[in-house]
Every structure is written in structure tokens, then in C-alpha cells.
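Colleague: Give me the fold of what follows.
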Amino acid sequence: MDTLTRMRAFVDVVEAEGFSAAARKVGRSKALLSKYVRELEDELGALLLNRTTRKFSLTETGHTYYRRVTEIIREIDSLSETVRDSAGDIKGRIKLSAPRTFADAPIGQSLIDFAAAHPEITLDIHLDDRFVDLVEEGFDLAIRITKLEDSSLIARRLAPFAVPLCASPALIEKNGVPQDPRALQHLPCIIDTNSRYRHNWIFRDKDGAQFTVPVNGRMEVNSPLAVRSAVVAGLGFAFLPDFIAAPELEAGRLQRVLDDWLTDGAGIYAVYPHRRYLPGKVRALVDYLARWLKENCPDR
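Modeller: Next comes the predicted model:
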């Protein structure tokens, strides 16, 4: 039995959080997986797992080994896929992280269309508004909607996007159109708690210098869709991604304000870990998303 098989068995057990769960997941017997892990420990001369009838846990050495071995296995798999890709064989599973905002907006259809166009690829999509650790959590790819600042990752900008400040016509009729962002300190605002800025909104003056305006309001929520509904209802001013705000702006239920004061540089990015070999299936998805956004969002 080769070491790589034992390593894969160990990773399967850790990720399934137990031998029984791993056996059901990979279609092998619990006894066989236990044998592989025991042989791996004998080969390494170290205990990787604490085993009791009631508890499953990694030893300190097991934690260290797991982090490194998952990187090694991904690298081997990526190399194998690169070789297969040269023969045009694009298939397998892609573990993808994306914000709920992306999936819930019309642009989320891009993932559905990709799956329909590539029947031999399985998309394992995890919707989460936090920034996942791609390496630690074993993701192949993440979609991020932000100003990208993490230089430890490889990123491809799929499309630019704007985040206009919006308000309902009724709210503007009541309070007037603010001429300076600092006026927002005394006006009702809606806080998207997913935003890194939350109560401190960033603007840019005519010389390009950024400044912060503290804001407050009657509603705070971690969903741009809920923020949009609240803005339409006249509860306050709020920043909204353009692909969320667009339908309401076009219908006249929302208006943009303070456009000349807004910062720019945000984008929709495909982000993946530094790897020597980028799997062809991941490259195919990234290329597809870039093409889909260009074709279906022509104003980008």
C-alpha cells in the first residue's frame, strides 16, 4: 500500500470528523480506513489521531501534518489535472466560496449556466459573507466583491463594479439631496453590517483625498437585499452594490446621490491560493465567469 493512499485516508477521516463518517463518504470500510491511518502513523513514528469510543480529535502533531498533507495532495491532484487537461479532459469537483450577495443577485445565474454547460464538473458552492481561508479550509476558488488587498493570493478581476449611495424619492423629498457627505451625520442611514466600514463611510474630496463620515440609523442588517428593501421603503440612505441596486434605480424607486464624492477601485474577483499548477477545471470556471459577466453586463 503506497503512502499517498494512506495520506488520502487520513485526510478523509479528518475532514469527515471520524472513521464511520469517512467510510460512508468515500465508500470504503471503517476497518480499512483505520488500517491505513494506523500504517501511516507507524510509517511516521508519530500519533496523529486520538481515538476513543466517544471522542475523535487530532494530536498536535496531527494538526501540523494535516495542514501540510492537504497542500501536498492538492498539488499532486492539480498536476494530474493539468496533464489530463492537455487532452481536453475537464471534469471533477470545484469547492467554491462566494458571498450570498453574488448568488442572490442576477449575476449568480453565471454559476448555474456554468454547471449546465459543464455536466462533468460538480460545483460545491459555499455561500458565506466572511472571507474564508482558502488554504486552511480547502477551497479551490473564491468569488470576492471588494477592493482586493490580500497579496498572499492570486486574483483575477472578473469585472469592475460600483457601490452607489442611494435613497428613495420620498426620503429625498423630505430631507433634500445632500450636497456634502458630512450632512449624512444628521440624516437617517441604513448600515450593512457585512461592510468593513459599517458606521464609518468613506468618501473622496475633489482633490482625491479620502475622509470618513460617521453615520447612524434605525436599521442594521447583514444583507444587501434587505438594505435595498429598507432604502426603497424610505428608511434611510445606504450604499448598495450596483448589481443589487440596478432594478430599483431603473424603475425610479431609488436615486443615486453624492456620485462625485464616491471612491472607486472595487471589483468582482476570482481568488485562488498560490499553486504551481492551476487545475484546468478552475481555470475553465474563471474564464467562463469573466466571459459571462462581460456578455451579460455590457455596461461593465
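Colleague: Give me the three-state assignment for the closest residue to residue 76 other than its chain neighbours.
Modeller: Of all residues not flanking residue 76 in the chain, residue 4 sits nearest, at 7.1 Å (CB to CB, 6 or more residues apart in numbering). From N, CA and C alone the C-beta is placed, and that goes for glycine too. Assigned by DSSP: H, G, I helix; E, B strand; the rest coil, the conformation of residue 4 is helix.
Colleague: Just the pLDDT for residue 4.
Modeller: pLDDT for residue 4: 89.
Colleague: again with the one 10 residues further on
Modeller: Per-residue confidence (pLDDT) for residue 14: 89.
Colleague: so residue 65 is in which element?
Modeller: Using DSSP states H and E, residue 65 sits in helix 60-85.
Colleague: Can you point out the buried residues in stretch 2-9?
Modeller: Of the residues in stretch 2-9, 6, 7, 8, 9 count as buried by neighbour count, 16 or more other CB atoms under 10 Å.
Colleague: now stretch 56-63: how far from the chain's centre is it?
Modeller: Between the centre of stretch 56-63 and the centre of its chain there are 28 Å (CA atoms, centre = their mean, to the nearest Å).
Colleague: Please save the CA atoms from it in PDB.
Modeller: Provided in PDB are the C-alpha atoms of stretch 56-63 (Å, rounded to 0.1, in the frame of the first residue of the first chain):
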ATOM      1  CA  PHE A  56     -12.300  12.000  17.900                       C
ATOM      2  CA  SER A  57      -9.500  14.500  17.800                       C
ATOM      3  CA  LEU A  58      -6.200  15.400  16.200                       C
ATOM      4  CA  THR A  59      -3.000  15.400  18.200                       C
ATOM      5  CA  GLU A  60      -0.800  18.500  18.000                       C
ATOM      6  CA  THR A  61       1.400  16.600  15.500                       C
ATOM      7  CA  GLY A  62      -1.700  15.500  13.600                       C
ATOM      8  CA  HIS A  63      -2.800  19.200  13.200                       C
END
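Colleague: From the rest of the structure, what touches that stretch?
Modeller: Contact with stretch 56-63 is made by 14, 17, 18, 19, 46, 47, 48, 49, 50, 66, as judged by CB atoms under 8 Å, 6 or more residues apart in numbering.
Colleague: who are the neighbours in contact with the first one?
Modeller: In this case it means residue 14. 49, 58, 62, 66 are the contacts of residue 14 under CB under 8 Å, 6+ apart.
Colleague: and it, how far is that from residue 58?
Modeller: Noted for residue 14: a distance of 7 Å to residue 58, by CB to CB, to the nearest Å.
Colleague: tell me which element residue 115 falls in.
Modeller: Counting by DSSP H and E, the element that carries residue 115 is helix 109-117.
Colleague: Quick one: distance of the helix or strand just after that helix to the chain centre.
Modeller: The first helix or strand that comes after helix 109-117 along the chain, using DSSP H and E, is strand 121-127. On the basis of CA atoms, centre = their mean, strand 121-127 sits 11 Å off its chain's mean C-alpha point.
Colleague: the helices in this structure, which residues?
Modeller: When assigned using DSSP state H, the helices of the chain occupy the ranges 3-16, 19-26, 30-44, 60-85, 100-104, 109-117, 169-175, 224-232, 242-251, 280-296.
Colleague: avg pLDDT for the shortest one?
Modeller: pLDDT averaged over helix 100-104 equals 83, rounded to a whole number.
Colleague: Show which residues not belonging to that helix make contact with it.
Modeller: Applying CB under 8 Å, 6+ apart, the contact partners of helix 100-104 are 108, 111, 125, 127-129, 143, 145, 194, 223-225, 241, 244, 268.
Colleague: swap in the last one?
Modeller: With contact meaning CB under 8 Å, 6+ apart, helix 280-296 is reached by 81-82, 84-85, 90-92, 94, 96, 107, 109-110, 113-114, 117-118, 121, 140-141, 143, 156, 158-159, 268, 270, 272, 300.
Colleague: for the third one, same thing?
Modeller: Outside helix 30-44, the residues that touch it by CB under 8 Å, 6+ apart are 1, 3, 5-7, 9-10, 12-13, 19-20, 22-23, 26, 47-49, 65.
Colleague: low pLDDT regions in the stretch 51-200 of the chain?
Modeller: Along the stretch 51-200 of the chain, the parts satisfying pLDDT under 70 run over 52-54, 81-89, 147-153.
Colleague: Pull out the buried residues from the contacts of residue 14.
Modeller: Neighbour-count burial within these applies to 49, 58, 62, 66; the criterion is 16+ other CB under 10 Å.
Colleague: Tabulate those in a markdown table, adding columns for distance to residue 215.
Modeller: What follows is these, written out as a markdown table (distance: CB to CB, whole Å):
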| residue | distance to residue 215 |
| --- | --- |
| 49 | 51 |
| 58 | 45 |
| 62 | 47 |
| 66 | 44 |
